[in-house]
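A.B. asks: build the 3D model from these lines:
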Amino acid sequence: MIILLAIALMSSCVSSKKYKTAKAENEALQSQLTAANAKMASDAEAANQKITGLNKQVSDLTAQNASLSKDATAYKKMMAEDRATQDALNAALKEQGTSMDEIAKKIETAMAQLSEAGIEVKEKEGLLLVTLPEKLLFKEGSASLDKKAKDALGPLAAILNDYPKVQIYVVGHTDSLKIHNAKFQDNLSLSTERANSIVRVFKENYQVNPARLLAAGRGKFGPVSTNSTKEGRAMNRRIQIILNPGINQLLDMMMESQ
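C.D. replies: Purely as a prediction, here's the structure:
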């Protein structure tokens, strides 16, 4: 009996040990399964959030593309309308015996000998812009034109007289440095008086009709380059002569002819 009890006890201990081992292994597996499920849930949530974000990006890009497409269509329409207006203006000018292109070419030819001085002629929005650098006309801080400067304006004035229906705006520009001159309160005063000086020369020396002339000064407020360098400031010190074909008058004329 004693032997049988011992054998039974030993068998019970072995079974209990296997059970504990199996239980521990099962618990470990359950823990791993729980961790795996949690990770899968976390990954799924992250994936869903990413998909949501991507869907929003797609939606935003689609809306942006639609807006850009609309803007592009509007821009094309505007460009077409501007081109049509420009063509109509040139056609109306041609009826008067000229066009802005023709005037521009004549000015470039007439002022060719001064091209190295930095004269620029360009068309913009139906206007013709002739830019004259300060060094061609004025000494630093001065609004007086000497004989050489007045003579330089002669070829331009002759062309202006050939087209009496074109309006002439003379606009003075300076750099941003404060003027050190008791004669002028500020750069705005200097730029305005420079424009006035050119208008006077056109009127008095070259008999340009004063009714066509308008003078204005913008001082430092219309820069075309930086004011932080010597070269940039030199570009900003300039006179712009803007030739306007009389858009309102031409539009009225075109309307009357329809």
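
A.B. asks: so the residue nearest to E193 when sequence neighbours are not counted versus A195, what's the distance?
C.D. replies: Nearest non-adjacent residue to E193, counting by CB to CB, 6 or more residues apart in numbering: A143, 4.0 Å away. Just so you know, the C-beta spots here come from the backbone N, C-alpha and C atoms, and that holds for glycine as well. Distance check for A143 against A195: by CB to CB, to the nearest Å, it reads 9 Å.

A.B. asks: these two: who's more crowded?
C.D. replies: A side-by-side neighbour count of A143 and A195, using other CB atoms under 10 Å, places A195 first with 25 against 22.

A.B. asks: so that one touches R218, yeah?
C.D. replies: No. Applying CB atoms under 8 Å, one finds A195 not in contact with R218, separated by 9.2 Å.

A.B. asks: where do the contact lists of the two overlap?
C.D. replies: Counting by CB atoms under 8 Å, 6 or more residues apart in numbering, the residues touching both A195 and R218 are 171-172.

A.B. asks: so where is this structure shaky, pLDDT-wise?
C.D. replies: Flagging of the chain using pLDDT under 70 yields the residue ranges 1, 3-15, 81-82, 85-98, 113-117, 246-258.

A.B. asks: ok, which stretches of it are strands?
C.D. replies: 120-124, 127-133, 167-173, 213-217, 238-244 (DSSP state E).

A.B. asks: most tightly surrounded among these?
C.D. replies: The highest mean neighbour count among the strands of the chain, using mean count of other CB atoms under 10 Å, belongs to strand 167-173: a mean of 22.

A.B. asks: that one pairs with which strands, parallel or anti?
C.D. replies: strand 213-217 (parallel), strand 238-244 (antiparallel) (DSSP bridges).

A.B. asks: with only the CA atoms kept, save the last one in PDB.
C.D. replies: What it means is strand 238-244. C-alpha atoms of strand 238-244 as PDB (Å, rounded to 0.1, in the frame of the first residue of the first chain):
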ATOM      1  CA  ARG A 238      14.800 108.000 -64.400                       C
ATOM      2  CA  ILE A 239      12.200 109.800 -66.400                       C
ATOM      3  CA  GLN A 240       9.400 107.900 -68.000                       C
ATOM      4  CA  ILE A 241       7.600 109.400 -70.900                       C
ATOM      5  CA  ILE A 242       4.300 107.500 -71.400                       C
ATOM      6  CA  LEU A 243       2.500 107.800 -74.700                       C
ATOM      7  CA  ASN A 244      -1.300 107.200 -74.500                       C
END
